[in-house]
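Trainee: Need coordinates for the following:
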Amino acid sequence: MASKSREKEMPQAMMRGRASGRSAVAPWGPTEIQRDYRTLLDWAKDKPQEVLDSDGELLVIQGKGVADFQRCLREQMAEAGRFLAVFNEHRDVAPARWAVQTAYPWLAAFSGEEVAEFARELVAYAFDAAQRGTLEQFEGNLRAWESTAGIYAQPDVMQTLNAPLDAAGLMEIFPPSEGQVQAAKA
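Mentor: Model (predicted):
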């Protein structure tokens, strides 16, 4: 009865079983890999497979995409951890004085409150990335903060953005029609 419920949990590739007859959760041995390497590789596509090397070391075989994501996530978490350590040590000091010690030197353009907001978002986006299995939103958030810091660092751009708006001088611009697009291509 237990084997029936276990079979339902296992991906279709694992239903074939191992040539040695060993359990799906047991580590693969060197001779078993030689006899049944195709099953090992198929199973590794679904979930990481443990291989017991002849010297007793346990190795893992998994898909490259998963391994790359985990490596990048570890690197991002290490940078975030270093930032949080520096941030917590210098909470009462202006970010311009300590931001260069982190992986995010552009934080020097922000106020202390904005950097605290960045720290909260950094942790939230890191947890989200780990759950989703993608760093897309995490890295996008970092780029948005860096881009904003770039704008803050340019006084002339900030002056233009903060200048009063003359509503009378505004006019509505419509996207080009298909005829205008075709005429421009010709």
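Trainee: List the backbone torsions phi and psi for the residue of the chain positioned farthest from its centre.
Mentor: The C-alpha centroid of the chain is most remote from Ala168, which lies 45.1 Å away (C-alpha atoms, centre = their mean). Ala168 adopts backbone torsions of phi -70, psi -30, taken as degrees, to the nearest 10.
Trainee: repeat for Trp28
Mentor: phi -80, psi 140.
Trainee: Now do the top helix by length along the chain: which elements does it pack against?
Mentor: As assigned by DSSP state H, the longest helix anywhere in the chain is helix 64-89. Contact analysis of helix 64-89 by 3 or more C-beta pairs under 8 Å, 6 or more residues apart in numbering; DSSP states H and E lists helix 112-132 as its packing neighbours. All C-beta spots, glycine's among them, are computed from the backbone N, C-alpha and C.
Trainee: Dump the helix it packs on to PDB, restricted to CA.
Mentor: Output in PDB follows, covering the C-alpha atoms of helix 112-132 (Å, rounded to 0.1, in the frame of the first residue of the first chain):
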ATOM      1  CA  GLY A 112      19.400  57.000   5.500                       C
ATOM      2  CA  GLU A 113      15.600  56.400   5.400                       C
ATOM      3  CA  GLU A 114      15.800  55.500   1.700                       C
ATOM      4  CA  VAL A 115      18.700  53.100   2.400                       C
ATOM      5  CA  ALA A 116      16.600  51.500   5.200                       C
ATOM      6  CA  GLU A 117      13.800  51.000   2.700                       C
ATOM      7  CA  PHE A 118      16.300  49.500   0.300                       C
ATOM      8  CA  ALA A 119      17.400  47.000   3.000                       C
ATOM      9  CA  ARG A 120      13.800  45.900   3.700                       C
ATOM     10  CA  GLU A 121      13.100  45.400   0.000                       C
ATOM     11  CA  LEU A 122      16.400  43.600  -0.600                       C
ATOM     12  CA  VAL A 123      15.500  41.000   2.000                       C
ATOM     13  CA  ALA A 124      12.000  40.600   0.700                       C
ATOM     14  CA  TYR A 125      13.100  40.300  -2.900                       C
ATOM     15  CA  ALA A 126      15.800  37.700  -1.900                       C
ATOM     16  CA  PHE A 127      13.200  35.500  -0.200                       C
ATOM     17  CA  ASP A 128      10.900  35.900  -3.200                       C
ATOM     18  CA  ALA A 129      13.700  34.900  -5.600                       C
ATOM     19  CA  ALA A 130      14.500  31.800  -3.500                       C
ATOM     20  CA  GLN A 131      10.800  30.700  -3.500                       C
ATOM     21  CA  ARG A 132      10.200  31.400  -7.200                       C
END
